[in-house]
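here is my input; please provide its structure:
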Amino acid sequence: MPDNMPTPLFEVNLGPGVVPFRPATAQEVVDFLDAEQAAWSWAFESEPMTQSGIDTPNQFRLQLKQLRTLASQFVNDPGNRDQMLGALSQAYSPQPGQPRLIASASEDGAFVLSIRESMGDMAAAGAMAPLSTRPSSTSVPAVQLGVLAGTSHLLGINPITPVAAKKALEGTRTKLNTAFSTYDSRFTQLHNEGANLINSQIRRGKALARLALRKQKKLGHALTVQMTDAVADLKAVEAAYREQMALKAPVEYWRSKASAHEGKAKRQQKWASIYGATATVTLLVGLSCLASYALKAATPVVIGGQPYTAPPAVFFILATIGVVASTIAFWVGRIFVRLYLSELHLGMDARERETMVQTYLALIAERATEGTDDRHIVLSSLFRPTADGIVKEEGPQDPSLAGVLARVLDGGPKRP
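Just a heads-up that it's a prediction; the model follows:
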């Protein structure tokens, strides 16, 4: 650190996309918290605070207010440094799974502000909930869109995801083309070396054949049979060598393809497990809130001496919200599971083809395929069309409302 730079009091990690906070004086801490309160002041207005259906804006306001009070005490009493550092660290970089504050200059803060500009304050308030690891159960459509946008941002799904995926695929294609070019050059080199070796062996065989013809009168029929067998052996070696060189590249290809699909299957299994646990907890909390509200609405209230209960339409709306939320959660989970099964199926198919080629090569080495049609069987199996891996549903259709909605969202029932 240069001599003219003051030594920071402490360092606090504010999240991805922003440098750590290193105040040199207690007043810088106060200025930082004032700037954060100003940046999030729109979330403390009456509409996001009272009509969004979530408590995230209010929790932000209270926590920033507490930190601001503690910072004022820190200015008057610099001995509270450890307490100030602990409060800021707990607020901006807590343990995984704990609620946190979002720094306005971080990537998450910039994302929330972009949601506010494009979709409004209510949607931005909804996006704050998942990004700050806070409850996001609400029935307000605009807030639900914000929650969905925040969740997508956490999963890395954004408008540039297709572009990034396209670039990654193009990079993979370039690497594959380079690898295939390398394999082709190596194969050509090995083929030429093998051809030279085979030609040398053939020339030697022809020389032996001519020698055998010269000595045929002396050695008789037995020597003629032996020389014929030797020529046949040389031709068998040539055929086996050509066969092995032709099938060596597919072995490497299917091995790398199987490894890639198996790695994707593990990642899909991990995401499916994470989503299953998160969706289950979120769905249970949401349904319990709907049930609690329904019980309150069903309790008669005496107004003007007459008992009054909520109209049946309220319960129908609550039931509809519960069914739609359950269906969406089930449908998304179903997609995760099918993607996992797809990669697993493709990995198993690639391993089968690799094993088939290796087995056939072993049989060629043992000369156990002479006079058979195994070559045609193996090649037809290797070059059969590769399925997409999506596992078709074979069980009976789910007659429940959630199952019907899931099938409608998925494009209708699968026909055999």
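
C-alpha only now, for contacts and for neighbours.
Noted.

which residue, other than its chain neighbours, is closest to residue 262?
Distance criterion Cα to Cα, 6 or more residues apart in numbering; nearest residue to residue 262, sequence neighbours excluded, is residue 347 at 5.4 Å.

tell me the contacts of the one you found?
Residue 347 makes contacts with 257, 258, 259, 260, 261, 262, as judged by Cα atoms under 8 Å, 6 or more residues apart in numbering.

6 Å instead, please
Residues near residue 347 by Cα atoms under 6 Å, 6 or more residues apart in numbering: 258, 261, 262.

mind checking pLDDT for the second one?
If I follow you right, that is residue 261. Here the pLDDT value assigned to residue 261 is 81.

hmm, it is touching residue 341, no?
No: the pair residue 261 / residue 341 is not scored as a contact, 10.5 Å apart, by Cα atoms under 6 Å.

which residues in the stretch 151-300 of the chain form helices?
161-219, 221-298 (DSSP state H, counting those that start in this stretch).

and what of the stretch 301-416 of the chain?
312-365, 374-382, 401-409.

deepest in the core, which of those is it.
Comparing the helices of the stretch 301-416 of the chain on average neighbours per residue, with mean count of other Cα atoms under 10 Å, the densest one is helix 312-365 at a mean of 18.

average pLDDT across that helix?
Helix 312-365 carries an average pLDDT of 82.

so how far is it from its chain's centroid?
Helix 312-365 sits 13 Å away from the centroid of its parent chain (Cα atoms, centre = their mean, to the nearest Å).

before we move on, what about stretch 185-195?
Here stretch 185-195 shows a centroid-to-chain-centroid distance of 41 Å under the convention Cα atoms, centre = their mean.

with stretch 6-15 instead?
The gap between where stretch 6-15 is centred and where its chain is centred comes out at 34 Å by Cα atoms, centre = their mean.

quick check: residue 344 touching residue 267?
No: the criterion here is Cα under 6 Å, and residue 344 misses it with residue 267 at 10.8 Å.

distance of residue 84 from residue 98?
When distances are taken as Cα to Cα, to the nearest Å, residue 84 and residue 98 turn out to be 19 Å apart.

what distance do you get for residue 329 to residue 88?
From residue 329 over to residue 88 the distance is 35 Å, taken as Cα to Cα.

mind checking which of the helices of the stretch 301-416 of the chain is nearest residue 32?
Proximity to residue 32 (Cα to Cα) singles out helix 312-365 among the helices of the stretch 301-416 of the chain, at 39.7 Å.

returning to what we had before: which of the contacts of residue 347 has the largest number of neighbours?
Of all those, residue 258 has the most neighbours under the rule other Cα atoms under 10 Å, reaching 24 neighbours.

low pLDDT regions in the stretch 151-300 of the chain?
158-173, 217, 219-224, 234, 236-249 (pLDDT under 70).

and if we set it to 80?
Under the criterion of pLDDT under 80, the regions of the stretch 151-300 of the chain flagged as low confidence span 154, 156-173, 175-177, 179-180, 183-184, 205, 209-210, 212-254, 257-258, 294-300.

brilliant, that's me finished.
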